[in-house]
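K.L.:
need coordinates for the below:
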Amino acid sequence: MKNNKISMVSRLKKNSLHFRRLTGLSIEKFDEIMFKLKPLYEIFNLKRLERKTKTKDRKKKIGVGMQFKLSL
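P.N.:
As a prediction, the model looks like this:
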């Protein structure tokens, strides 16, 4: 799934007009924002996944759980 998102962004970046219309940002500004936010998001997501419930620890390991029936 992650690779699909990356390939979509790289395809959009080939046409700066479409990219700007879809995101409202220039490609350079988008890259700048992504560079700043990516480490913060990774930290936030790891904390979110490692959280404990109010009464007990997680029941399953990170990444384990019900799988999607349809591809995204």
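K.L.:
longest helix of the chain?
P.N.:
Longest helix in the chain by number of residues (criterion: DSSP state H): helix 27-50.
K.L.:
average pLDDT for that helix?
P.N.:
Across helix 27-50, pLDDT averages out at 89.
K.L.:
and that helix, what does it pack onto?
P.N.:
Judged by 3 or more CB pairs under 8 Å, 6 or more residues apart in numbering; DSSP states H and E, helix 27-50 is in contact with helix 16-23. (Glycine included, C-beta is placed from N, CA and C.)
K.L.:
dump the helix it packs on to PDB, restricted to CA.
P.N.:
Only the C-alpha atoms of helix 16-23 are listed here, as PDB (Å, rounded to 0.1, in the frame of the first residue of the first chain):
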ATOM      1  CA  SER A  16       3.100  20.400 -11.800                       C
ATOM      2  CA  LEU A  17      -0.200  21.900 -12.900                       C
ATOM      3  CA  HIS A  18      -2.200  18.800 -11.800                       C
ATOM      4  CA  PHE A  19      -0.200  18.600  -8.700                       C
ATOM      5  CA  ARG A  20      -1.000  22.200  -7.700                       C
ATOM      6  CA  ARG A  21      -4.700  21.800  -8.500                       C
ATOM      7  CA  LEU A  22      -4.900  18.700  -6.400                       C
ATOM      8  CA  THR A  23      -2.900  19.800  -3.400                       C
END
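K.L.:
what packs against that helix?
P.N.:
In this structure, helix 16-23 makes packing contacts with helix 2-13, helix 27-50, judged by 3+ CB pairs under 8 Å, 6+ apart.
K.L.:
buried residues in it, which are they?
P.N.:
Residues F19 are the ones in helix 16-23 that count as buried (16 or more other CB atoms under 10 Å).
K.L.:
residues in contact with that helix?
P.N.:
Contacts to helix 16-23, defined as CB atoms under 8 Å, 6 or more residues apart in numbering, come from residues L12, K13, L25, S26, I27, F30.
K.L.:
that one vs helix 27-50, what angle?
P.N.:
Helix 16-23 runs at 40 degrees relative to helix 27-50, counting by axes from the mean of the first three to the mean of the last three CA atoms, to 10 degrees.
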